[in-house]
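Participant: Sequence and computational prediction follow.
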Amino acid sequence: MRVLIVDDESLIRMDLRDIIESCGHEVVAEGTNGVEAIQLCKQHKPDIILMDVKMPELDGIEAARQIGFHHEAPVVLLTSYSQQDLIDKARDSGVYGYLIKPVREEQLVPTLEMALGRYKSDAQLREKMAELEQSLEDRKIIQKGTGILMELYSISEEEAYNRIRALSMKKRDSIVNICKALIHQVSK
């Protein structure tokens, strides 16, 4: 794992680095506040971010929210506080884990691995959802194109689709592009 550590306390960053590196993982960068976390995340593209909640300039929860919005990397938050309102805010910000300081070695790496696994699973779901949305949009375009031919030539849906498919093969272009061109021509 390539890890970004963000904490305003240098001793904590040093301890976290030691634990992570002793387990065979790489610390790609270290930051001291939420603004740096966002910048370092864009610059180093870590696999995961380990970040304190209470920091100057921009707190860890808001930085996690911004990083999560762009799906740049999963965030595991660190805090010295176990207050329910902080846990609720962290959950609502989209973080993938929450650890209470002092962090023990036997907690840290499994938490990071679980968070990274959940993040990858979520990324696959987002990708599948985008594919399904595109497929639905393509189907709407094909239906509209087919409907135009049905109306123009008083033919069945099957015949209209077969004509579009034949033109698609002849022009070596996708059925969707043929339908888009047809829709564009009719709308002139």
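Facilitator: That came through fine. Residues are numbered from 1 along each chain as shown.

Participant: pull the helix or strand with minimum mean pLDDT from this structure.
Facilitator: The weakest-scoring helix or strand in the chain, judged by mean pLDDT, DSSP states H and E, is helix 84-92 (a mean of 80).

Participant: packing partners for the helix or strand that that helix is followed by?
Facilitator: Later in the chain than helix 84-92, the nearest helix or strand by DSSP states H and E is strand 97-100. Judged by 3 or more Cβ pairs under 8 Å, 6 or more residues apart in numbering; DSSP states H and E, strand 97-100 is in contact with strand 75-79, helix 84-92, helix 105-153. Heads up, the C-betas are built off the backbone N, CA and C, glycines and all.

Participant: Against V176, how distant is S168?
Facilitator: As for S168, its distance to V176 is 9 Å (criterion: Cβ to Cβ, to the nearest Å).

Participant: Now stretch 113-133: average pLDDT?
Facilitator: On average, the pLDDT along stretch 113-133 is 95.

Participant: What residues of the least confident helix or strand of the chain count as buried?
Facilitator: L86, I87, K89, A90 (16 or more other Cβ atoms under 10 Å).

Participant: Check stretch 10-18 too.
Facilitator: I12, R13, D15, L16, R17.

Participant: still on that earlier bit, pick the most deeply packed of the helices and strands packed on strand 97-100.
Facilitator: Of all the helices and strands packed on strand 97-100, strand 75-79 carries the top mean neighbour count, a mean of 25, counting by mean count of other Cβ atoms under 10 Å.

Participant: Show residues contacting that one.
Facilitator: Here strand 75-79 makes contact (Cβ atoms under 8 Å, 6 or more residues apart in numbering) with 7, 12, 48-54, 60-61, 63-64, 67-68, 86, 90, 93-101, 103, 111-112, 115.

Participant: May I see the buried residues of stretch 152-172?
Facilitator: Counting neighbours by 16+ other Cβ under 10 Å, one finds that the buried residues in stretch 152-172 are A160, Y161, R163, I164, L167, S168.

Participant: Weed out the non-buried ones from the contacts of strand 75-79.
Facilitator: Looks like the contacts of strand 75-79 have 7, 12, 48-53, 60-61, 63-64, 67-68, 86, 90, 93-99, 101, 103, 111-112, 115 buried, using 16+ other Cβ under 10 Å.

Participant: Just put the buried residues of stretch 10-18 in TSV and tack on secondary structure and pLDDT.
Facilitator: TSV is the format used below for these (DSSP: H, G, I helix; E, B strand; the rest coil; pLDDT from 0 to 100):
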residue	secondary structure	pLDDT
I12	helix	93
R13	helix	95
D15	helix	94
L16	helix	96
R17	helix	96
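
Participant: What is the most widely separated pair among those?
Facilitator: I12 and R17 (9.6 Å; Cβ to Cβ).

Participant: Compute the distance between M1 and Y98, please.
Facilitator: Separation of M1 from Y98 (Cβ to Cβ) stands at 18 Å.
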